[in-house]
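sequence first, predicted coordinates after that:
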Amino acid sequence: MGFLDKLKSGLKKTRAVLTTDVDDLLFGAKDLDKKLFDELEELLIMADMGPQFAHDMINDVQDRLKRKELQNAAQIKKILRERMIAILQQIDKPLHIPKGQPFVIMAVGVNGSGKTTTIGKLAYSLRNDGHEVILVAADTFRAAAIEQLEIWGSRVNVPVIKQKMNADPAAVVFDAVGKIKSGYSGVVIVDTAGRLHTRVNLMEELKKVKRVMSKEMAGAPHETLLVLDATTGQNAVIQAKMFQEEIGATGIVLTKLDGTAKGGVIVRIASELRLPVRYIGVGEGLDDLRAFNSNDFVSALLD
């Protein structure tokens, strides 16, 4: 099964709403009236596109109707595609990692979002692309987190910098930057905690880790990658806002686009946050993490 097929099957829930349900509504429509627009708006919200996108989309359709640019309901589908592509193209910015110089990625996100797994797959992909990679176990609060990262390290043949459980995460990061200072010029991917007792605790801990990095190495972290679970829909948007405001996330990885996902949420994140989506994850396999491509994504949803 190719990546696009996997993506299609991963988005099947949202796809069913946007193809079958929307098609049934539009192709059965006799009149372009308020009832039709209300139902269409409801379907877009159900697909997790968010109320703002749905509202703007309906306004656009109604404007075109007034200007006599719309002859029938079927053309609404074309407008939906155009609007989705326009929004997603703004965030279609692959992560460019230069070779031969150190590049630090700090991975953040709540527990259960697939952060450690994403780091493992990203390390695999970067290694295949000819980069040197080191993983850093800065989630020192969860015993399993350090072990999980080590399992990924040995699976993709990449070294892991760690300390004992409950060590200060900033100290582990300090060790990693020390390695760069002594001449290492590859990619450093830092795994961080996703859950401390309160949100304030978590954010303060992450800010501290970030401060230590930038103090020890100008410009680090070069990318703060926020890992979001697509199956959480609306919650993913709330998390993204929080991490963007508090930590300054610079890019997103959307994971678990594998069947139960609310794929439309990516449109909402794009239009509300303008954060680049760097990668999407569509399954368990090592190569199931891929650079995001807006055209592929819209095709998987609508074709």
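Cool, got the structure. Numbering: from 1, shown residues only.

what are the ranges of the strands in the stretch 51-200 of the chain?
Counting by DSSP state E, counting those that start in this stretch, the stretch 51-200 of the chain has these strands, from start to end: 103-108, 133-138, 160-161, 187-192.

just how off-centre is the third one within its chain?
With Cα atoms, centre = their mean, to the nearest Å as the basis, strand 160-161 stands 25 Å off its chain's centre.

again with stretch 100-113
With Cα atoms, centre = their mean, you get 12 Å for stretch 100-113.

I'd like to know how far residue 138 sits from residue 210.
11 Å (Cβ to Cβ, to the nearest Å). Where C-beta positions appear, they are placed from N, C-alpha and C, glycine not excepted.

that older thread, nearest to residue 71, out of the strands of the stretch 51-200 of the chain?
strand 103-108 (48.3 Å; Cβ to Cβ).

ok, that closest one: who's next to it in the sheet?
Strand pairing for strand 103-108, using DSSP bridges, gives strand 187-192 (parallel), strand 223-229 (parallel).

any chance of these in JSON lines, with mean neighbour count, distance to residue 24 and mean pLDDT too?
Shown next, in JSON lines, are the strands paired with strand 103-108 (neighbours: other Cβ atoms under 10 Å; distance: least, Cβ to Cβ, whole Å; pLDDT from 0 to 100):
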{"stretch": "strand 187-192", "mean neighbour count": "27", "distance to residue 24": "45", "mean pLDDT": "98"}
{"stretch": "strand 223-229", "mean neighbour count": "25", "distance to residue 24": "30", "mean pLDDT": "96"}
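
ok, which of those comes nearest residue 263?
Comparing these by Cβ to Cβ, strand 223-229 comes nearest, at 12.1 Å.

give the next helix or strand downstream of the closest one.
helix 234-247 (DSSP states H and E).

residues making contact with that next one?
Contact with helix 234-247 is made by 48, 50, 108-110, 113, 199, 203, 206-207, 210, 224, 226, 228-230, 232, 249, 252, 254, 262, 265, 268-269, 272-273, 275, as judged by Cβ atoms under 8 Å, 6 or more residues apart in numbering.

switch to 7 Å and redo it
48, 108, 110, 203, 206-207, 210, 224, 226, 228-230, 249, 252, 265, 268-269, 272-273, 275 (Cβ atoms under 7 Å, 6 or more residues apart in numbering).

please apply the same query to stretch 86-103.
126, 130-131, 180, 184-188, 222-223, 251, 267, 270-271, 274-278, 291-294, 297-298.

thanks again, I'm all set now.
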